[in-house]
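In: got a sequence here, can you model it:
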Amino acid sequence: MNVEIDNSVVEKDKNKRKVVHGLIYAFLIILALIYLLPLLWVLLTSLKDDAILMTSPWAFPEHLMFENYSYAWTMGHLGTATLNSFIVCVTTLLVSMIVGSMAAFAIAKLRWKFSKLTLTYFMIGMMIPIHCVLIPLFIQFSSWKLTNSLVGLIIPYVTFSLPITIYIMVGFFESIPNELFEAAVIDGCSVPRMFVHVALPMARTGFMVTGLMSFVSNWNELLLAMVFISKEEVKTLPVSLTKFVGPYHTNYTQMFAAIVIAVIPTIIVYCIFANQIVEGLTAGAVKG
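Out: I've put the predicted structure just below:
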């Protein structure tokens, strides 16, 4: 009798788990469709003609017009724009990660009087909208001859990337046990070596998270690039996309083709680093 009752309880638990798992999978499938369907529609629209797009925007293209991509690449000068965006984003990423990680390590693990005040100072940068400093930056950069140059974009990009980088990295460094650093000091490890050989490997997941956020946000940034850049040869990719929108006519299908070209690098970067983030978080959960 007890065995039958126990079996019925086990079966009920299994059924509940199946229902819960089914609901979770259904929610994840719906969430995936919400994100993937707009990308699929943009891809299909980039292969249509403007006339077909206006008459049946949701229909599949009758003829795949790959010439939209060649037109967008040549007329929009997307090759040069992609290279400029890549230079700006990679440089910003390297500088913000190096400077931000060192500042975060000093705040989180080194004992000095103004560590908390310094963190608060950096956090103020997260509260300042970019619109508030746009005009003063333009006036100052114009006097320094930094407009129409990639350096004039890298400086504000690094400035606005540092607060969030420091904030996230401080959390990761604080999660590292102090016993590891104490053991390194006993073995004669200096502070720079301790930062490179102990702190950085342990905070690899933080680097992946902040790196992704910095790259994607700066790759899609438009406001600063439009204000500071007017020369064709130094325009970034988001600014080049605005060429397809005119006051009297807009090349929608070519514009969607350019959007697909602009989105591909961010998808590639995310796919490369997403697995490493998940592996790092899983390893940290197992160790804990």
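In: what about V196, neighbour count?
Out: Using other C-beta atoms under 10 Å, the number of residues around V196 comes to 12. Every C-beta, even on glycine, is put in place using the N, C-alpha and C of the backbone.
In: and the gap between it and L23?
Out: Plainly put, V196 is 46 Å away from L23 if you go by C-beta to C-beta, to the nearest Å.
In: now the element after the host helix or strand of M54, going C-ward?
Out: Secondary structure assigned from DSSP states H and E places M54 in helix 50-55. Tracing the chain C-terminally past helix 50-55 and defining elements by DSSP H and E, one meets helix 67-75 next.
In: check which helices and strands that next one sits against.
Out: Helix 67-75 makes packing contacts with helix 252-287 when contacts are defined by 3 or more C-beta pairs under 8 Å, 6 or more residues apart in numbering; DSSP states H and E.
In: so where do the strands sit in the chain?
Out: Taking DSSP state E as the criterion, the chain carries no strands.
In: tell me where the model's unsure across this protein.
Out: When the per-residue scores of the chain are filtered using pLDDT under 70, the ranges that remain are 1-7, 9-10, 247-248, 276-288.
In: okay, now the domains of it?
Out: For the chain, the structural domains run 2-45, 69-287, going by automatic domain parsing.
In: got those domains as CSV, with distance to H63 columns?
Out: As requested, the domains of the chain are arranged in CSV below (distance: least, C-beta to C-beta, whole Å):
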stretch, distance to H63
domain 2-45, 12
domain 69-287, 12
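In: need the winner for burial among those domains.
Out: The highest mean neighbour count among the domains of the chain, using mean count of other C-beta atoms under 10 Å, belongs to domain 69-287: a mean of 17.
In: gap between it and the chain center?
Out: For domain 69-287, the gap between its own C-alpha mean and the chain's C-alpha mean amounts to 8 Å (C-alpha atoms, centre = their mean, to the nearest Å).
In: swap in stretch 47-65?
Out: Its chain's average C-alpha position is 32 Å from that of stretch 47-65, according to C-alpha atoms, centre = their mean.
In: in it, which residues are buried?
Out: Residues of stretch 47-65 classed as buried under the neighbour-count rule (16 or more other C-beta atoms under 10 Å) are L47, K48, I52, L53, P61, M65.
In: contacts for that stretch?
Out: Stretch 47-65 is contacted by residues W41, L44, T45, F66, N68, N251, Y252, T253, A257 when judged by C-beta atoms under 8 Å, 6 or more residues apart in numbering.
In: now, which of those sits nearest E221?
Out: Comparing the contacts of stretch 47-65 against E221 with C-beta to C-beta picks out A257 as the nearest, at 21.4 Å.
In: what sits against that closest one?
Out: A257 makes contact with S46, L47, N68, Y69, Y71, A72, according to C-beta under 8 Å, 6+ apart.
In: if you set the cut-off to 6 Å instead, what comes out?
Out: When contacts are counted by C-beta atoms under 6 Å, 6 or more residues apart in numbering, A257 is found next to S46, N68, Y69, A72.
In: how close does it get to T74?
Out: Computed as C-beta to C-beta, the A257 to T74 distance reads 11 Å.
In: list the contacts for V209?
Out: No residues are in contact with V209 under the rule C-beta under 6 Å, 6+ apart.
In: quick one on the thing from earlier: what's the farthest-apart pair in the contacts of A257?
Out: Pairwise distances across these peak at 8.2 Å for S46 and A72 (criterion: C-beta to C-beta).
In: ok, which stretches of the stretch 51-200 of the chain are helices?
Out: 67-75, 78-109, 115-127, 134-143, 151-174, 178-186, 191-194, 200-202 (DSSP state H, counting those that start in this stretch).
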